[in-house]
Every structure is written in structure tokens, then in C-alpha cells.
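Q: Next come a sequence and a model predicted from it.
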Amino acid sequence: MTARQLQDYPHLTLQPGTLDGQLDFEVIFGRSGPVEIEIGSGKGTFLVSQAGAFEKTNFLGIEWANKVYRYAVDRIGRWGLKNVRLIRTDAADFLAEHVADESVEGFHLYFPDPWPKKRHHKRRFFCSENLEQMLRCLKPGGWINIATDHQDYFEQIQTVTRQAVEGGRAKIIPFIRPVGAGQGEYVGTNYERKYLKEGRPTYTLALQKL
Ligand SMILES: C[S@@+](CC[C@H](N)C(=O)[O-])C[C@H]1O[C@@H](n2cnc3c(N)ncnc32)[C@H](O)[C@@H]1O
């Protein structure tokens with residue numbers, strides 16, 4: 001069977017090479033409104049359901065793997081969602097270079113790559129440095145929603161979060177399930193569904209910037 005040709009939908013995508021300094025989200029989305037960023041948006045399953053349900057919110061998906069990025073662009077284009085943009089780049093660099101202070105309402109981080117080998121732990125996205133970056137980008141009262149299947153990574157996420165809480169920069173809040181989460185699911189993304197079938201647990205955490 002031949003695979004369907006994926007479409008590019010250039011109006012939905014940001015080209016990393018053309019960006020200069022901090023972005024103006026009103027220009028990017030062509031309107032004002034709260035901005036939520038998903039880091040590691042994969043095939044776009046979360047974005048399709050959440051952006052469809054919250055039409056007044058602007059969603060930006062960041063994904064560095066070309067294959068799933070292109071799949072997500074094609075999918076969001078076919079759904080005709082006007083409140084989603086996607087960029088293929090490294091999320092840590094993108095936040096540091098292009099996202100202004102206090103410009104983001106919330107971050108979604110679902111099943112970030114766990115890099116299970118100890119010598120690779122430094123590649124994990126959720127670390128003190130990137131948490132500081134996300135807190136800088138968040139408006140006061142903004143939040144970060146996190147889910148992972150990986151216990152050791154979850155422990156790191158809790159430790160790093162605790163430092164921000166003890167430093168008076170954040171507090172723990174209840175995790176709110178996205179609309180796409182079905183029965184027995186916390187998030188409803190592709191990876192959660194895959195891991196559920198394998199009987200793996202999902203750990204969640206949400207925090208709010210003070
Ligand atoms: C395990 S997958 C989870 C995908 C999706 N969130 C889900 O739950 O189905 C992790 C995704 O994050 C992407 N990713 C990992 N680190 C990234 C980074 N620094 N910047 C952008 N994308 C990243 C990977 O390419 C991969 O698609």
C-alpha cells in the first residue's frame with residue numbers, strides 16, 4: 001500500500017531559520033489570545049483535540065523529529081484548525097532565543113523522551129535550566145502540565161520542581177486532564193495509549209508560577 005502524500009500547509013508552520021529575536025505571538029497567530037505551548041508534540045494528537053475544544057486559545061507545538069512533525073502538520077491542516085502553529089526545532093533553544101518573558105499561559109509536556117541510560121540523563125528536557133526558562137516565559141499564574149510513564153524521570157521532575165517550590169517561584173497544583181483523555185487516561189496522547197496497552201503507569205504533575 002502506498003503512503004498518503006503529506007501536505008505542507010505553510011501558513012501553519014514557523015521556519016526556524018527565518019526567526020529573528022523574540023516572537024510576537026499576535027503576529028504569529030494573527031490575533032491576540034492566550035498562548036499554550038506543547039513541547040514534543042509528536043503526531044499532534046493532543047493539539048488536534050485541545051485546539052478544537054479551546055478555539056480562543058493559541059497553541060504552538062514544538063517537535064524536532066521530522067517524520068512526526070510532518071505528520072502533525074498534515075493532520076492539523078486537514079482538520080482546518082486556525083489556532084495552531086507548529087515548528088520543527090529544539091524546544092530548549094527555541095524558548096531561550098524566541099519566547100519573551102511572561103508571554104505564555106501554559107506548557108504541556110507529555111511523555112518527554114526519558115533517556116533511560118544514566119550517561120544520557122543530561123539530555124532530558126525537564127531539568128533545572130529548562131524549568132527556569134519555562135518559568136521565565138510564563139505569565140504569573142501560568143502553569144506547566146507534565147505526564148510521563150518513566151518512574152526515574154518522574155523522580156527527577158519532582159526533585160527539580162521541589163527546588164522551584166522551595167525557592168518560592170512555583171507551587172504544585174492539581175493536574176487537569178486535557179479534553180482528549182479518555183476513560184483510564186490522563187492525557188490521551190499516542191504514547192500514553194501505547195504504554196497503557198503495555199500496562200505501564202502514567203505519572204503526572206502540574207505546577208503554577210507564583
Ligand atoms: C516520547 S515522544 C511523545 C510524543 C507525544 N507528546 C505523545 O505523548 O505521544 C517525545 C517527543 O518529543 C520530541 N522531543 C524530544 N526532545 C525534544 C526537544 N528538545 N525539542 C523538541 N522536541 C523534542 C521527540 O522527537 C518526540 O517526538
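A: Yep, it's here.

Q: how much space is there between Val48 and Gly180?
A: As judged by C-beta to C-beta, to the nearest Å, Val48 and Gly180 stand 8 Å apart. C-beta here means a position set from N, CA and C on the backbone, and glycine is covered the same way.

Q: do Gln5 as well
A: The spacing between Gln5 and Gly180, counted by C-beta to C-beta, is 26 Å.

Q: For the protein, which residue occupies the most central location?
A: Glu38 (1.9 Å; C-alpha atoms, centre = their mean).

Q: Assign that one to helix, strand or coil.
A: Counting by DSSP: H, G, I helix; E, B strand; the rest coil, the backbone at Glu38 sits in strand.

Q: wait, doesn't it sit right on Asn58?
A: No. Assessed by C-beta atoms under 8 Å, Glu38 is found out of contact with Asn58, at 11.8 Å.

Q: Spit out the contact partners of the residue nearest to the centre of the chain.
A: With C-beta atoms under 8 Å, 6 or more residues apart in numbering as the criterion, the residues that contact Glu38 are Phe46, Leu47, Phe59, Leu60, Gly61, Ile62, Phe107, His108, Leu109, Tyr110.

Q: you'd agree the second one is in a strand?
A: It refers to Leu47. No. Leu47 is assigned helix when assessed by three-state DSSP, not a strand.

Q: and it, how many residues sit next to it?
A: 30 (other C-beta atoms under 10 Å).

Q: Perfect, that will be all.
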